[in-house]
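In: What would the 3D arrangement of this be:
(chains A, B, C and D)
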Protein chains: 2
Amino acid sequence: MATIYDVAHIAGVSAKTVSRVMNGDALVSDKTRASVQAAMDKLAYIPSSAARTMRSSKSGLVGLITGAISDAPSGIEAVGLPEIYIVQGIQRVLAANGITLLISDTGGDASKVPDLFRTLQEHRAEGIIYVADHHMNIALPPLANVKHLVLANCRDEAGTPAVIPDDEYGQYTLVSGLIARGHRRIGFLTLPENLVAYGLRLGGYQRALREAGIPYDPVLVRRGDSHGAPGESVLVSSSIDHLLDLENPPTVLCCGNDRLAVAVYGILRSKGVSVPEQMSVAGFDDYRVISEILFPALTTVDLPYGRMGEKAAELLVEMMRGDPDMAASPRHTVKGEAVWRDSVTVRDPKVATLKSNRRNG
Amino acid sequence: MATIYDVAHIAGVSAKTVSRVMNGDALVSDKTRASVQAAMDKLAYIPSSAARTMRSSKSGLVGLITGAISDAPSGIEAVGLPEIYIVQGIQRVLAANGITLLISDTGGDASKVPDLFRTLQEHRAEGIIYVADHHMNIALPPLANVKHLVLANCRDEAGTPAVIPDDEYGQYTLVSGLIARGHRRIGFLTLPENLVAYGLRLGGYQRALREAGIPYDPVLVRRGDSHGAPGESVLVSSSIDHLLDLENPPTVLCCGNDRLAVAVYGILRSKGVSVPEQMSVAGFDDYRVISEILFPALTTVDLPYGRMGEKAAELLVEMMRGDPDMAASPRHTVKGEAVWRDSVTVRDPKVATLKSNRRNG
DNA sequence: CGGTGTCATGTCATCGGTGTCATAGAACGC
DNA sequence: GCGTTCTATGACACCGATGACATGACACCG
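Out: Prediction:
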């Protein structure tokens, strides 16, 4: 592989002048610049970033760690699916800034995280982004010498800058839209209570009701998702039975995520309840492979993973440039909007509910 | 950041001895080793791979390029989904070999490929893996100085070592299984003719028929997938009409991929043909988010993307180690098996077909 | 007891760029 | 016309590891 000295020799100049040409320093005459360019082309010269890194202590590298805690067992869950969109968003922004991305995946083994950090540090990554596969709280091992760290899709207690989805807003905008479409009794099949998104989404649900002057009725809120645990469908099925048997049952079921909505479709089908004629259904996440494939197509909330990755990368780049503003506010949220598809009907709030329909029919 | 000299100073030895300790050379006394270790711990010393790379011209990096040609428009297609599994497989193997992965994504702009190669070469990547999002033929730009290159999920005419799915085998094993389950009239909604997989899968379909002594009937083979092009559903719908109107219609429809199977479900539903009672359906790819979610769950062929990535990485590692055997055989295939779910029924070949059912009913 | 081999460690140069400083010549000002 | 500034370039050290080679201390052997 050709070196800068080879180029210098061919061009009849010093190595330093070649360096100047590469870095676009102005103090090079046009004639010299041209002959250096010719020499570089002739040798197909490619500079060594290792040498550059050593001298300038700037590696042009940013590290990425994913897959640390894949607590979702395999199966219907699209494991890794959100992450790819986040990673693509990150890559997009970094590439635009001339930064190369080093990635390492724990493969679900959190004990590897320190090793991965070490590897990234050996390569003198100038910043590190840690990506989780769902919105969660994390606690990273103590990290010496990691100056610039950004969390994506997760957050910690130490105040590390983080980019997270605005779950509260997403649920709020969905439920507000349901109310605008005439729904008054809105069932909510929640995520497990231990997830960060649980409380946030419940808060959004309640805020939408409050703003519409609809009292919050706890009987409409039932545990839905168990994160793919065995026996989940039994749990969901009994939750749905409970809701259907209410004196004043819901006209729509909000599901904690799209995967749960799939299960709900199946359960409603088995009970002879048609979607959306007798029961509207909404999800959360907008996994398009799911939401667009289901029949009827699923109304859900977009979780802008790509945008989240972009924002995390933008944040990191600003921190690396020494911008103090960004690190000052540790949590940055990304909003996602509701996506209205066929699984939700517009209804007249005065018309009878499913229950009374059944009685009358 | 501490250097090897800082460590040497604290430990009271020379830098070279510290280097020996790090690299596990035997010729270091236990006492010296211990004091060096203590010094490294005290300083939280992390060696610089840039310096190491310069001296030894071994970077410990492998580059990855993805997303070069995303010819699938966004939408129902799970863009990037196969790639993530391939990338994870690659990462798994490389990490086990102490290699760090540099990734770059073209974001669908093939013109960026030369730039990406250049960046990887600047970092002196010792090998490069090029990943495509579906089985395709590619032609890479001429690459000087890239010694070790492996293609994953694609192949070229230049004989670059490649790891590709065994589409012929997958379709063969699926159709053989259908025959074993009593199906004799097997419809085939194909991929577009320009895809590599088209011919391979058709070949597998034909081989399975031949081995079972069933004559190949071209009227059962119709164009299905248009890769998400507008008007696709019209095309698919007319293909299905054609098959249903045959004198002796198929009892099962093999779809070119799972996405097409989704469309077929919808079309059959709209025509009042029940799956699988009146018509069995099979896909190809085993996108689990699709195949497990559909009702009834889809019988399909697993495309082992993770394994493909692993194999590509293993191949690259062997090439980097100078193993001549591997590069000798340029194409390595990975087999995937059929996954049997509810969308295919077992039937008695003697029982009447859908058509005669309809007439009788 | 001197020669030889092994062990443990040190010295020095080197990988390929870039920062710092020096310098030769041209341009400029008075 | 001579000092000053600017322009274009070169010389040289240095970033942090490691390879090649040297060296001193022992152990072993005849």
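In: Listing request: residues of chain A with sub-threshold pLDDT.
Out: A:68-81, A:225-232, A:324-328, A:351-361 (pLDDT under 70).
In: remind me, longest strand of it?
Out: Secondary structure of chain A read by DSSP state E shows that its longest strand is strand A:127-137.
In: any idea how far the next helix or strand along the chain from it is from the chain center?
Out: Counting by DSSP states H and E, the next helix or strand C-terminal to strand A:127-137 is strand A:149-155. Centroid separation between strand A:149-155 and its chain, computed with CA atoms, centre = their mean, to the nearest Å, is 10 Å.
In: pull the CA atoms of strand A:149-155 into PDB?
Out: Extracted in PDB, the C-alpha atoms of strand A:149-155 (Å, rounded to 0.1, in the frame of the first residue of the first chain):
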ATOM      1  CA  LEU A 149     -21.900   9.000  25.400                       C
ATOM      2  CA  VAL A 150     -25.500   9.100  24.100                       C
ATOM      3  CA  LEU A 151     -28.300   6.700  24.900                       C
ATOM      4  CA  ALA A 152     -30.900   5.900  22.200                       C
ATOM      5  CA  ASN A 153     -34.300   4.400  23.100                       C
ATOM      6  CA  CYS A 154     -33.200   4.200  26.800                       C
ATOM      7  CA  ARG A 155     -32.200   6.300  29.700                       C
END
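In: returning to what we had before: packing partners of the longest strand of chain A?
Out: The elements that strand A:127-137 packs onto, with contact taken as 3 or more CB pairs under 8 Å, 6 or more residues apart in numbering or on different chains; DSSP states H and E, are strand A:61-66, helix A:81-96, strand A:149-155, helix A:196-212, helix A:305-320. C-beta coordinates here come from the backbone N, C-alpha and C atoms, glycine included.
In: outside of the third one, which residues touch it?
Out: Contacting residues not belonging to strand A:149-155 are listed as A:82-83, A:86, A:90, A:127-138, A:140, A:143, A:160-165, A:196, A:305, A:308-309, A:312-313, A:315-316, A:319, A:330-331 [CB atoms under 8 Å, 6 or more residues apart in numbering or on different chains].
In: can you do 6 Å?
Out: Strand A:149-155 is touched from outside by A:86, A:128-132, A:135-136, A:138, A:160-164, A:308, A:312, A:315-316, with contacts defined as CB atoms under 6 Å, 6 or more residues apart in numbering or on different chains.
In: before we move on, the earlier item: which of the residues in the longest strand of chain A are buried?
Out: Residues of strand A:127-137 classed as buried: A:127-136 (neighbour count, 16 or more other CB atoms under 10 Å in any protein chain shown).
In: Ok, stretch A:211-223 next?
Out: A:214, A:220-223.
In: got the CA positions of that stretch in PDB?
Out: This file holds the C-alpha atoms of stretch A:211-223, laid out as PDB (Å, rounded to 0.1, in the frame of the first residue of the first chain):
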ATOM      1  CA  GLU A 211     -59.000  17.200  28.100                       C
ATOM      2  CA  ALA A 212     -62.200  15.800  26.600                       C
ATOM      3  CA  GLY A 213     -64.000  15.800  29.900                       C
ATOM      4  CA  ILE A 214     -64.400  12.100  30.000                       C
ATOM      5  CA  PRO A 215     -64.000  10.600  33.400                       C
ATOM      6  CA  TYR A 216     -61.200   8.000  33.800                       C
ATOM      7  CA  ASP A 217     -62.700   4.600  34.400                       C
ATOM      8  CA  PRO A 218     -60.100   2.100  35.800                       C
ATOM      9  CA  VAL A 219     -62.200  -0.900  34.800                       C
ATOM     10  CA  LEU A 220     -61.400  -0.100  31.200                       C
ATOM     11  CA  VAL A 221     -57.700  -0.600  31.800                       C
ATOM     12  CA  ARG A 222     -56.500  -4.100  31.900                       C
ATOM     13  CA  ARG A 223     -53.100  -5.800  31.700                       C
END
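In: From the rest of the structure, what touches that stretch?
Out: For stretch A:211-223, the surrounding residues in contact (CB under 6 Å, 6+ apart) are A:179, A:187-190, A:206, A:209, A:239, A:250.
In: Now, those residues that are in helices?
Out: Mapping these onto helices (DSSP state H) picks out A:179, A:206, A:209, A:239.
In: Report how many residues lie close to the last one.
Out: In terms of burial, residue A:239 registers 20 neighbours under the definition other CB atoms under 10 Å in any protein chain shown.
In: and what of the third one?
Out: Applying other CB under 10 Å, we find 20 residues neighbouring residue A:209.
In: Any residue of stretch A:288-305 touching chain B?
Out: Yes - on the criterion CB under 6 Å from any CB of the partner chain, stretch A:288-305 is in touch with chain B at A:289, A:292-293.
In: who touches the residue most central in space within chain A in this structure?
Out: Taking CA atoms, centre = their mean, the centroid of chain A lies closest to residue A:305, which sits 3.5 Å from it. Residues near residue A:305 by CB under 6 Å, 6+ apart: A:82, A:85-86.
In: who touches residue A:40 in this structure?
Out: Applying CB under 6 Å, 6+ apart to residue A:40 gives the contacts residue A:7.
In: can you give me the helices for the stretch 151-300 of chain A?
Out: For the stretch 151-300 of chain A, the helices defined by DSSP state H, counting those that start in this stretch cover A:167-180, A:196-212, A:232-244, A:258-270, A:288-291.
In: Take those helices and write them to JSON lines, including distance to residue B:245.
Out: Formatted as JSON lines, these follow (distance: least, CB to CB, whole Å):
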{"stretch": "helix A:167-180", "distance to residue B:245": "43"}
{"stretch": "helix A:196-212", "distance to residue B:245": "49"}
{"stretch": "helix A:232-244", "distance to residue B:245": "39"}
{"stretch": "helix A:258-270", "distance to residue B:245": "30"}
{"stretch": "helix A:288-291", "distance to residue B:245": "32"}
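In: nearest to residue B:37, of the ones you listed?
Out: Closest to residue B:37 of the helices of the stretch 151-300 of chain A is helix A:196-212 (CB to CB; 40.3 Å).
In: quick check: angle from the closest one to strand A:127-137?
Out: 60 degrees (axes from the mean of the first three to the mean of the last three CA atoms, to 10 degrees).
In: How far does helix A:196-212 sit from its chain's centre?
Out: Centre to centre, stretch against its chain (CA atoms, centre = their mean), the figure for helix A:196-212 is 20 Å.
In: for that helix, which positions count as buried?
Out: For helix A:196-212, by 16+ other CB under 10 Å, it's A:196-198, A:200-202, A:204-209.
In: ok, those vs DNA strand D, which is closest?
Out: Among the buried residues of helix A:196-212, residue A:196 lies closest to DNA strand D (CB to the nearest atom of the strand), at 39.1 Å.
In: ok, back up a step: for residue B:51, state which of the residues of stretch A:288-305 next to chain B is nearest.
Out: Using CB to CB, residue A:289 is the member of the residues of stretch A:288-305 next to chain B that lies nearest residue B:51, at 45.8 Å.
In: Mind putting the buried residues of strand A:127-137 into JSON lines with distance to residue B:23?
Out: Shown next, in JSON lines, are the buried residues of strand A:127-137 (distance: CB to CB, whole Å):
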{"residue": "A:127", "distance to residue B:23": "28"}
{"residue": "A:128", "distance to residue B:23": "26"}
{"residue": "A:129", "distance to residue B:23": "31"}
{"residue": "A:130", "distance to residue B:23": "30"}
{"residue": "A:131", "distance to residue B:23": "33"}
{"residue": "A:132", "distance to residue B:23": "35"}
{"residue": "A:133", "distance to residue B:23": "36"}
{"residue": "A:134", "distance to residue B:23": "41"}
{"residue": "A:135", "distance to residue B:23": "42"}
{"residue": "A:136", "distance to residue B:23": "39"}
